[in-house]
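J.: Just need the structure, nothing else, for what follows:
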Amino acid sequence: MTWSRKPKTTVAAHLKRCGVPRRDFLQFCTQLMVAAPFGLAITDKISAEEVAREIGKARRPSVIWLHFQDCTGCTETLLRTSKPDLADLILQVISLDYHETLMAACGHQAEAALSQAVKDNAGKFVLVVEGSIPTKDQGIYMKLAGKPALNVLQDVAAQAGAIIAIGSCASWGGIPSADPNPTGAVGVDDIIKNRPIVNIPGCPPNPYTLLGVVFQFARKGTLPELDELHRPKFAFDRVIHDHCPRRAHFDAGRFTLQYGDEGHRHGWCLYKLGCKGPDTHAGCSTRHFNEIPDVWPIGIGVPCIGCTEKHLAFRVPLFDLVPIHDATPPDTYPPVHAATGSISAAGVGMVSVIGGALGGAAWVAARRFRSSEEEAAVIEARLENSHRDKPDVEGR
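T.: All right, here's what the predicted structure looks like:
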């Protein structure tokens with residue numbers, strides 16, 4: 001079977017040919033502006049029209065998506081976005097040339113599709129990897145078409161233009177790599193050493209972060225600025241704690257101590273339940289999933305587990321506390337419940353003595369005050385009598 005592919009058209013031309021409404025595309029660009037700058041200098045003055053014009057000029061990027069040890073959650077987050085229904089729009093904006101979950105082909109046809117997609121777009125396609133890669137015992141714990149996943153990744157990555165590890169599993173092993181890690185699961189950058197790799201961790205990650213990276217590569221041929229863990233700085237530049245909707249309660253020292261208590265019902269800070277927000281770099285509190293503010297752990301009353309951090313994700317127990325890198329209540333803020341203790345017998349006696357002394361002093365003061373009043377009254381009466389007995393100027 002032969003596979004023939006037409007040259008990739010621009011995003012704008014393809015959307016027009018497919019009848020995608022302009023309004024839907026503009027709504028998509030508005031969401032993308034909030035979540036991912038894709039190489040543009042996003043300012044208050046730039047409009048969705050300008051963003052749409054820039055993206056529309058790009059050739060539809062070819063994307064090859066490989067699945068390894070994963071739950072398919074990263075794919076689900078890509079397809080569950082809304083305003084508009086991006087499940088269809090995304091597939092029009094990018095050219096998803098291979099994806100085991102979404103493609104109709106299987107078996108030999110699927111293998112032929114992967115081979116043809118790599119051949120037609122060698123050096124140009126974006127390789128997206130979902131799931132960790134087992135390396136123990138030469139990778140025998142996962143095979144695709146009889147070939148270890150480890151070898152499949154190496155072969156396809158060698159011809160990719162850009163490589164994106166989507167989700168915590170592909171970024172650094174995720175759940176499959178948790179102790180005791182029986183399959184020797186690792187992330188992509190533990191295997192591919194000579195190619196630039198963008199890690200987009202999260203369980204699942206925000207889909208707009210992925211699209212921002214893909215569009216920047218398609219339009220400009222570059223990748224975004226990365227941090228020391230190869231994460232895009234535009235999406236992982238601050239900790240969740242900085243913009244958490246419960247931050248005011250943290251600052252006031254109001255903490256939920258157990259699920260269902262008064263603080264939990266009133267939306268107090270979840271730090272003492274083990275929330276990893278103060279040590280987790282992600283934009284969950286500002287870049288919302290499905291454009292709905294409460295659709296994330298803290299939004300529904302569950303502590304952040306730190307899924308975007310290599311040293312936290314599925315490695316630190318849920319209820320363990322993490323360090324806070326700035327002001328810590330109650331050192332700088334008043335606690336809700338101050339510490340209390342018991343009073344000893346000696347203390348009670350001392351309080352009684354002090355109370356008696358104060359009471360005696362008050363009685364003496366009151367007596368002196370009354371004596372002073374009486375003395376003043378006597379003096380005033382004498383003055384009045386002496387004035388009455390004194391003769392007037394005419395001697396009468």
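J.: all strands for the protein, in order.
T.: Here the chain has its strands, by DSSP state E, at 62-67, 95-99, 126-130, 133-134, 143-144, 147-148, 162-166, 185-186, 197-200.
J.: I'd like the ones you listed laid out as CSV, including mean pLDDT, mean neighbour count and distance to residue 47.
T.: In this view, the C-beta of every residue, glycine as well, is placed from N, C-alpha and C. As requested, these are exported to CSV (pLDDT from 0 to 100; neighbours: other CB atoms under 10 Å; distance: least, CB to CB, whole Å):
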stretch, mean pLDDT, mean neighbour count, distance to residue 47
strand 62-67, 93, 22, 27
strand 95-99, 89, 22, 27
strand 126-130, 95, 27, 27
strand 133-134, 97, 29, 42
strand 143-144, 92, 16, 44
strand 147-148, 94, 16, 48
strand 162-166, 95, 26, 28
strand 185-186, 96, 24, 43
strand 197-200, 96, 26, 27
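J.: and of those, who's closest to residue 320?
T.: Closest of the strands of the chain to residue 320 is strand 185-186, at 22.5 Å (criterion: CB to CB).
J.: before we move on, the earlier item: and residue 261, which of the strands of the chain is closest to it?
T.: Ranking the strands of the chain by their distance to residue 261 (criterion: CB to CB) puts strand 197-200 first, at 35.7 Å.
J.: Report all helices and strands that that closest one contacts.
T.: Helices and strands in packing contact with strand 197-200 are listed as strand 162-166, helix 167-172, helix 207-220; criterion 3 or more CB pairs under 8 Å, 6 or more residues apart in numbering; DSSP states H and E.
J.: what's the most buried one of those?
T.: Per-stretch averages of neighbours, counted by mean count of other CB atoms under 10 Å, single out helix 167-172 among the helices and strands packed on strand 197-200, with a mean of 30.
J.: so what does that one touch, helix or strand wise?
T.: helix 73-79, strand 126-130, strand 197-200.
J.: same question for it, mean pLDDT?
T.: Rounded to a whole number, the mean pLDDT of helix 167-172 is 95.
J.: Can I get it as PDB, trimmed to CA atoms?
T.: Output in PDB follows, covering the C-alpha atoms of helix 167-172 (Å, rounded to 0.1, in the frame of the first residue of the first chain):
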ATOM      1  CA  GLY A 167       2.900  14.900  30.700                       C
ATOM      2  CA  SER A 168       4.900  13.900  33.800                       C
ATOM      3  CA  CYS A 169       5.400  10.400  32.700                       C
ATOM      4  CA  ALA A 170       7.200  11.400  29.500                       C
ATOM      5  CA  SER A 171       9.000  14.200  31.200                       C
ATOM      6  CA  TRP A 172      10.700  12.200  33.900                       C
END
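J.: what's around residue 103, how many residues?
T.: Here the number of neighbours of residue 103 (other CB atoms under 10 Å) works out to 15.
J.: ok, now residue 260?
T.: When neighbours are defined as other CB under 10 Å, residue 260 has 9 of them.
J.: Please report how far it lies from residue 114.
T.: Look at residue 260 and residue 114: by CB to CB, to the nearest Å, they are 50 Å apart.
J.: Make TSV out of the helices and strands packed on helix 167-172 and add distance to residue 222.
T.: Written out in TSV, the entries for these read as follows (distance: least, CB to CB, whole Å):
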stretch	distance to residue 222
helix 73-79	22
strand 126-130	13
strand 197-200	11
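J.: can you tell which of these is closest to residue 209?
T.: strand 197-200 (5.3 Å).
J.: Distance to residue 144 for the helices and strands packed on strand 197-200 - can I get that in JSON lines?
T.: What follows is those, written out as JSON lines (distance: least, CB to CB, whole Å):
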{"stretch": "strand 162-166", "distance to residue 144": "17"}
{"stretch": "helix 167-172", "distance to residue 144": "15"}
{"stretch": "helix 207-220", "distance to residue 144": "22"}
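J.: Cheers, nothing more for now.
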